[in-house]
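**Student:** Sequence and predicted structure are below.
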Amino acid sequence: MVPTQHDKTGMALVLTGTTLLVLGTAALILTSPVPTLFAWHPSLNALALALFAIGISVVQPPTPPSTVRAQRLDAHKSVLGLAVILLCAGTTFMYYNKEANGSAHGTTPHGGAGYIVVTWMLVQAIIGGVAANTGKNGLWLYKWHRLSGYLFMTLALFTAFAGGLLTTWSQTRPAPLRIVAYGIGIPLIAAGVAMRMHTSKLPFGKRHA
Ligand code: HEM
């Protein structure tokens, strides 16, 4: 099946949104005197989120010929594997930044949601790995992996939105940069991923003829 114009528009939204998110976050950090430990947190986590969106997007359109499908699955695994490492690293920097300042952990909606996101991500990666290694028997598991992946992505986008727009630190930073990165970039990513989603590939979706 060839990607439709709808799928292509979705990809364009994902790429525009991820560019705004990553460049906007870099600009926020580079124009701000922040401790090094802290600086890595938004930078690595925004990059990880961008890679999640792109790594999901490549496997969204309906099943292509088997060789193309295998290439896309490889890209999905590599890009998301890197994203997992970056999100763990970015969150670890934040953990140690708090330790360095003697601050309590997970006290804000952003911080609490952030730890759920990291845990969910690890479970999601394990389920994907199991599904990939169980051949045809794992097909039903893939459907749940997809559904769980979309719920994960929703929470991860919300978490970054809260980190960039609602945390005390972020509110001391220039509003135009924050709006572009999180107020525009994140909704564009959400819209793009949603547009490329095919409900027939989910557990309760109806298969098209
Ligand atoms: C999906 C992406 C993100 C995840 C999973 C995440 C995760 C976390 C976690 C777990 C904490 C709490 C650390 C602790 O209490 O020990 C935290 C804190 C923080 N994060 Fe993020 N973060 C993400 C993106 C961002 C972004 C994009 C920004 C800023 C632009 C940001 C800014 C902050 C700030 C300022 C804090 C300290 C205040 C607080 O604890 O809420 N984060 N993050």
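**Tutor:** Sure thing, it's come through. Numbering: from 1, shown residues only.
**Student:** Looking at the protein, what residue ends up closest to the ligand?
**Tutor:** Gly114 (2.4 Å; CB to the nearest ligand atom). All C-beta spots, glycine's among them, are computed from the backbone N, C-alpha and C.
**Student:** name the element the nearest residue to Val180 once chain neighbours are set aside belongs to?
**Tutor:** Nearest residue to Val180, sequence neighbours excluded (CB to CB, 6 or more residues apart in numbering): Gly24, at 4.9 Å. Element membership for Gly24 (DSSP states H and E) is helix 5-30.
**Student:** list the buried ones in stretch 69-85?
**Tutor:** Arg72, His76, Lys77, Val79, Leu80, Ala83, Val84 (16 or more other CB atoms under 10 Å).
**Student:** can you check stretch 103-123 too?
**Tutor:** His110, Gly111, Ala113, Gly114, Val117, Val118, Trp120, Met121.
**Student:** circling back to that earlier point, same for the helix holding Gly24, what does it pack against?
**Tutor:** helix 36-57, helix 139-165, helix 175-178, helix 185-196 (3 or more CB pairs under 8 Å, 6 or more residues apart in numbering; DSSP states H and E).
**Student:** what separates the first one from the chain centre, distance-wise?
**Tutor:** Taking CA atoms, centre = their mean, to the nearest Å, one finds helix 36-57 lying 8 Å from the centre of the chain it belongs to.
**Student:** Past it, which element shows up next along the chain?
**Tutor:** Following helix 36-57 toward the C-terminus (DSSP H and E): helix 66-101.
**Student:** Could you list every helix and strand in contact with the next helix or strand after that next one?
**Tutor:** Sequence-wise, the next helix or strand downstream of helix 66-101 (DSSP H and E) is helix 109-132. Applying 3+ CB pairs under 8 Å, 6+ apart, we find helix 109-132 packed against helix 66-101, helix 139-165.
**Student:** what about 10 Å?
**Tutor:** helix 36-57, helix 66-101, helix 139-165 (3 or more CB pairs under 10 Å, 6 or more residues apart in numbering; DSSP states H and E).
**Student:** for the ligand, what are the nearby residues on the chain?
**Tutor:** 25, 41-42, 45-46, 49, 87, 91, 94-95, 98, 105-106, 108, 110-111, 114-115, 117-118, 156, 159-160, 163-164, 167, 169-170 (CB under 6 Å from any ligand atom).
**Student:** try 5 Å this time
**Tutor:** 42, 45-46, 49, 91, 94-95, 98, 105-106, 108, 110-111, 114-115, 117, 156, 159-160, 163-164, 167, 169 (CB under 5 Å from any ligand atom).
**Student:** related to what we said a few turns ago, of all the buried residues of stretch 69-85, which two lie farthest apart?
**Tutor:** Arg72 and Val84 (18.2 Å; CB to CB).
**Student:** and the helix holding Gly24 with helix 36-57, angle?
**Tutor:** 180 degrees (axes from the mean of the first three to the mean of the last three CA atoms, to 10 degrees).
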